[in-house]
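Trainee: what follows is a predicted structure for the sequence shown.
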Amino acid sequence: MVEILHPTIAEKLINIHALKINTQDPFIWSSGIESPIYCDNRLTMSYPEVRRLIAKAFAWKIDRNKIDVIAGCATAGIPHAAFVSEQLNLPMIYVRSKPKGHGLENMIEGHVNEGGRVVVIEDLISTGQSAIKAAQALRDQGFHVEKVLSIFTYGLKEAKDNFEQVALKYESLVTFDDVVSVLVKQGELTEREQEGLLNWRNALILK
């Protein structure tokens with residue numbers, strides 16, 4: 001059933017402009033890389049139908065009987081972790097990108113017992129480093145991280161290698177290939193542009 005939802009999610013992300021493609025005037029990532037695609041899944045919070053669809057798809061990928069807590073990656077993964085934990089009636093925590101600079105200096109916010117089985121929710125995966133950092137912080141505190149789930153992935157080989165290196169499973173609801181395929185079907189991209197986008201992605205190596 002989840003597989004049926006995936007193209008619908010890709011279409012929804014495109015329709016609300018959470019995913020944008022511009023082959024003529026590339027977007028600039030924070031790393032300085034010029035990219036023909038820009039993904040901003042924070043926009044999904046403002047669309048109840050879209051966020052419910054995403055939460056439902058995430059929930060289908062989680063075995064409620066084998067998971068004790070849902071963890072969100074700061075910041076964009078936090079609301080979706082909340083939506084999923086509510087749907088599954090599970091506790092939720094979130095992981096900061098770095099320890100809090102005052103007070104208890106927590107990196108993990110919320111309370112669950114050590115040894116809990118966790119699914120980490122992230123909004124998108126490029127190299128996977130932010131999700132891996134969150135998962136490692138949880139492991140360091142005695143949690144067992146079952147896997148990472150994200151809304152979108154670029155499908156970079158670097159991400160695959162990074163996750164394999166730390167023996168961490170990950171899945172995404174929507175892939176770069178899904179988005180390109182939908183845009184071709186909608187007539188927004190030509191097959192030649194599709195080939196160019198896939199070649200760009202396949203050649204991309206993030207420093």
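Mentor: The structure has been received and is ready for your questions.
Trainee: quick check, central residue of the protein?
Mentor: Ser150 (2.5 Å; CA atoms, centre = their mean).
Trainee: mind listing what's buried along the helix or strand containing that residue?
Mentor: Under the criterion of DSSP states H and E, Ser150 resides in strand 144-153. By neighbour count on 16 or more other CB atoms under 10 Å, the buried set for strand 144-153 is 145-153. To be clear about C-beta, it is placed using only N, CA and C from the backbone, and glycine gets the same treatment.
Trainee: next: stretch 29-39.
Mentor: Residues of stretch 29-39 classed as buried by neighbour count (16+ other CB under 10 Å): 35-37, 39.
Trainee: just these now: which is nearest Val180?
Mentor: Ranked by distance to Val180 (CB to CB), the buried residues of stretch 29-39 are led by Ile37 at 8.7 Å.
Trainee: once you drop chain neighbours, what's closest to Ile70?
Mentor: Ser85 (4.1 Å; CB to CB, 6 or more residues apart in numbering).
Trainee: so how far is Ala59 from the one you found?
Mentor: 10 Å (CB to CB, to the nearest Å).
Trainee: please say which of these two ends up with more neighbours.
Mentor: For the pair Ser85 and Ala59, the greater number of neighbours falls to Ser85 (25 against 19), based on other CB atoms under 10 Å.
Trainee: okay but that one is in contact with Ile93, surely?
Mentor: No: look at Ser85 against Ile93 with CB atoms under 8 Å: they stay out of range, at 9.1 Å.
Trainee: name the residues contacting each of these two.
Mentor: Among the neighbours of Ser85, those also in contact with Ile93 (CB atoms under 8 Å, 6 or more residues apart in numbering) are 69-70.
Trainee: for this protein, what spans make up the strands?
Mentor: For the chain, the strands defined by DSSP state E occupy 19-21, 27-28, 34-35, 37-39, 69-73, 92-95, 108-109, 117-125, 144-153, 170-175.
Trainee: now do the buried residues in the first one.
Mentor: What that stands for is strand 19-21. 19, 21.
Trainee: worst mean pLDDT across the helices and strands of the protein, which element?
Mentor: Here the helix or strand of the chain ranked lowest by mean pLDDT, DSSP states H and E is helix 2-15, holding a mean of 74.
Trainee: ok, Cys73 to Lys185 distance?
Mentor: 31 Å.
Trainee: so those two - more neighbours on which side?
Mentor: Legend: neighbour count by other CB under 10 Å for Cys73 and Lys185, higher for Cys73 (24 against 11).
Trainee: pLDDT at the more buried one, what is it?
Mentor: Predicted confidence (pLDDT) for Cys73: 97.
Trainee: isn't it up against Glu122?
Mentor: Yes: with contacts counted by CB under 8 Å, Cys73 reaches Glu122, the gap being 4.6 Å.
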